[in-house]
Structures are given as structure tokens and as C-alpha cells.
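Colleague: Here's a sequence, model it:
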Amino acid sequence: MDVIELLPRLHLLRFPVGQAYLWRDGEELTLVDAGPIGSGPLIAEAVRALGHAPEDVRRIVLTHFHEDHAGGAGEFAELSGAQVLAHRLDAPFVRGELPGPPPRLEEWERPIRAEVLGRLPKGTPLPPPSVLDVTDGEVLDFGGGARVVHVPGHTDGSIALFLPAEGVLFTGDTAASLPPEGVLSAGGTVTADSVNPPVVPGVFNLDGSRLLDSVRHLAELGAEVACFGHGDPVPRGAAAALRGATAAP
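Modeller: Just a heads-up that it's a prediction; the model follows:
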């Protein structure tokens with residue numbers, strides 16, 4: 001797993017498939033997404049390498065239930081005692097109470113999805129000890145007030161997190177940048193001089209039409225920095241990049 005500093009208070013944790021983010025408020029940390037099965041110990045190691053204890057992570061906010069984002073949540077929650085949060089529509093799948101619905105794939109997505117699944121660890125995720133439901137418009141106590149934004153389409157309960165005081169937006173899989181897994185190396189830093197990667201709507205969705213509406217909604221938030229579930233972040237001009245992702249060709 002690569003650990004990449006994006007901002008002094010924000011690190012990207014990159015897995016072979018997908019990525020998570022670690023936000024710092026003083027000595028208190030928040031994890032956004034938790035990687036696939038087996039990621040819990042790796043996240044704990046990364047937290048220690050950054051000079052913190054796993055117990056400093058107070059919450060794990062999941063953007064949606066898919067295995068590359070929620071698979072490690074139960075493991076790390078057990079290691080750290082962090083509270084797991086998810087939208088009420090995805091929370092039953094995170095808890096393991098129900099199987100999550102599969103995406104409705106376009107024909108061109110099928111071979112890509114098969115390749116991605118082949119790179120994910122096999123097994124059943126450890127359910128978190130508890131999952132707290134969150135809803136649209138709720139403000140979470142990190143980053144100066146992190147607003148929960150319901151963005152259905154990729155899953156019914158997908159959420160983004162917008163930190164207005166910081167201009168930072170976590171999109172989950174509602175949007176992505178190309179290439180699908182980014183080119184930043186471990187120890188690299190995103191700077192204001194970075195060239196923005198191409199931004200595209202997310203793939204492997206339950207409802208592609210609703211997803212496009214959600215991308216447009218995210219563009220209206222006016223974020224400066226966008227952090228995706230897959231691909232390099234956009235370090236500046238994120239709102240314009242998101243508008244471009246849904247522009248007619």
C-alpha cells in the first residue's frame with residue numbers, strides 16, 4: 001500500500017484496487033473508506049508511520065458498500081475502536097445483514113469488471129462491530145464540518161463528503177480520474193502546479209442516469225480539491241473538472 005501526502009492534513013492510502021483517505025484534525029483522525037479485505041492491518045501500519053496510533057482514528061466514513069471500499073472497515077474498526085458510518089441505504093450491506101445488489105453493467109464494462117474482481121482479495125469481509133447511519137445534509141465533526149452529500153447512482157446509498165472550510169470533496173466512486181489507478185508514487189505530493197487528470201463519471205453503477213445527475217450535483221458544490229475512489233486527485237479547479245465530466249461531447 002502506498003501512502004501519499006496530498007495536503008498537510010490529508011493523505012491518500014492507495015491499494016492495488018481503489019484507495020482511502022486519512023484526514024487529520026490535530027491528533028484526531030478520520031478515515032474515508034477502508035480498502036478491500038485484509039486492509040485493516042495495512043491501514044494501522046500507515047497510521048503509525050505517520051506518527052499516530054490506530055486509536056487516534058475516531059471514525060471510518062464509507063462512501064458506499066462495495067468490497068474495495070468497505071472490505072477493510074470491520075478489521076480496522078476492531079483494531080482502532082473507530083466508529084463506522086455509512087448511508088442508511090448501504091448500511092445493511094456493510095453490516096452483512098443483506099447481500100448488496102450487483103451493478104447493472106454495460107457490455108463494455110464486463111471485461112473490465114472481471115479484471116478488477118480478479119485483483120481483489122477473496123473472502124467475506126469482517127462486519128464492523130456497529131455501523132452508524134448517516135443521511136444527506138448531515139454535518140460530521142471533522143475538517144471544520146464535513147457535509148454528507150447523498151449521490152445515488154453508483155449504489156443507492158452512495159455518499160460524497162464535502163469540507164467547505166477546506167474546499168475538499170471526497171467523491172467515492174461517483175466520479176473518477178484517468179488512469180483508473182493513479183500515477184503518483186509513494187512519498188509523492190500533489191502540488192498546485194500539478195496537471196489535473198481527466199475526470200470521468202464512475203462506472204459499474206446501479207443507475208447510470210442517476211449517477212450523472214449526482215456528478216452534476218457535486219460540480220455545483222464549488223470544490224477546489226476532489227479526491228476519488230479511483231485515480232489521482234484533482235488538486236485545483238475540481239468543480240470545473242466535474243462539470244467537464246458530464247459535458248456533452
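
Colleague: where in the protein is pLDDT low?
Modeller: Applying pLDDT under 70 to the chain flags the ranges 180-195, 248-249.

Colleague: Quick one: the strands in it, in order.
Modeller: Applying DSSP state E to the chain gives strands spanning 2-7, 10-14, 19-25, 28-32, 57-61, 83-87, 131-134, 139-140, 146-150, 159-163, 168-172, 175-177, 199-201, 225-228.

Colleague: and these as JSON lines, adding distance to Gly72?
Modeller: Yep, even glycine has a C-beta here, placed from its N, CA and C like the rest. JSON lines is the format used below for the strands of the chain (distance: least, C-beta to C-beta, whole Å):
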{"stretch": "strand 2-7", "distance to Gly72": "15"}
{"stretch": "strand 10-14", "distance to Gly72": "10"}
{"stretch": "strand 19-25", "distance to Gly72": "8"}
{"stretch": "strand 28-32", "distance to Gly72": "9"}
{"stretch": "strand 57-61", "distance to Gly72": "9"}
{"stretch": "strand 83-87", "distance to Gly72": "11"}
{"stretch": "strand 131-134", "distance to Gly72": "14"}
{"stretch": "strand 139-140", "distance to Gly72": "20"}
{"stretch": "strand 146-150", "distance to Gly72": "20"}
{"stretch": "strand 159-163", "distance to Gly72": "18"}
{"stretch": "strand 168-172", "distance to Gly72": "15"}
{"stretch": "strand 175-177", "distance to Gly72": "20"}
{"stretch": "strand 199-201", "distance to Gly72": "25"}
{"stretch": "strand 225-228", "distance to Gly72": "18"}
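
Colleague: Format those strands as a markdown table; extra columns: distance to Ala239 and mean neighbour count.
Modeller: Listed next are those as a markdown table, based on distance: least, C-beta to C-beta, whole Å; neighbours: other C-beta atoms under 10 Å:
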| stretch | distance to Ala239 | mean neighbour count |
| --- | --- | --- |
| strand 2-7 | 17 | 18 |
| strand 10-14 | 18 | 23 |
| strand 19-25 | 19 | 22 |
| strand 28-32 | 19 | 23 |
| strand 57-61 | 22 | 23 |
| strand 83-87 | 23 | 24 |
| strand 131-134 | 23 | 19 |
| strand 139-140 | 20 | 14 |
| strand 146-150 | 13 | 21 |
| strand 159-163 | 11 | 25 |
| strand 168-172 | 9 | 28 |
| strand 175-177 | 12 | 25 |
| strand 199-201 | 11 | 21 |
| strand 225-228 | 8 | 27 |
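
Colleague: I'd like to know which of those lies nearest to Glu45.
Modeller: strand 2-7 (9.3 Å; C-beta to C-beta).
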